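**Student:** structure of the sequence below:
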Amino acid sequence: MCASGRLADDNPSSRSGPLTIRISCDMTDGASGGGWVIKQATSGLGYVNSVNSYKYVSGPKANANHMYGPYFGNEALNLFNFTVGLG
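**Tutor:** Sure, this is the predicted structure:
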């Protein structure tokens, strides 16, 4: 388990598309797909807002303590709402 705020945005590709986000996390192989839960202060409940996706293992961004994942914005919310019959 990692507890971290959003540290930075990342653009892993020269193609267009949404940026990914970086957190402080030292998880290794096997952690891919694990959800990032953001806790709501008022209710104490949370929601998934990203998943473990990749790390840099070489080059200037390589850091064993950084994990990257996609930001779940409005597109992900719309998809969720559609699948549960709310959209």
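**Student:** so what's the closest residue to residue 2 other than its chain neighbours up against?
**Tutor:** Among residues not flanking residue 2 along the chain, residue 25 sits closest, at 3.6 Å (Cβ to Cβ, 6 or more residues apart in numbering). Yep, even glycine has a C-beta here, placed from its N, CA and C like the rest. Contacts here follow Cβ atoms under 8 Å, 6 or more residues apart in numbering; on that basis residue 25 touches 2, 4, 52, 65, 66, 67.
**Student:** recalculate using a threshold of 7 Å.
**Tutor:** The contact partners of residue 25, by Cβ atoms under 7 Å, 6 or more residues apart in numbering, come to 2, 4, 65, 67.
**Student:** now do the contacts for the third one.
**Tutor:** Taking Cβ under 7 Å, 6+ apart, we find residue 65 in contact with 24, 25, 26.
**Student:** show me where this structure has helices.
**Tutor:** Listed in chain order, the helices found in the chain under DSSP state H are 74-83.
**Student:** could you measure the residue of the chain positioned farthest from its centre against residue 48, distance?
**Tutor:** What lies farthest from the middle of the chain is residue 85; by Cα atoms, centre = their mean that is 24.8 Å. Using Cβ to Cβ, to the nearest Å, residue 85 is found at 19 Å from residue 48.
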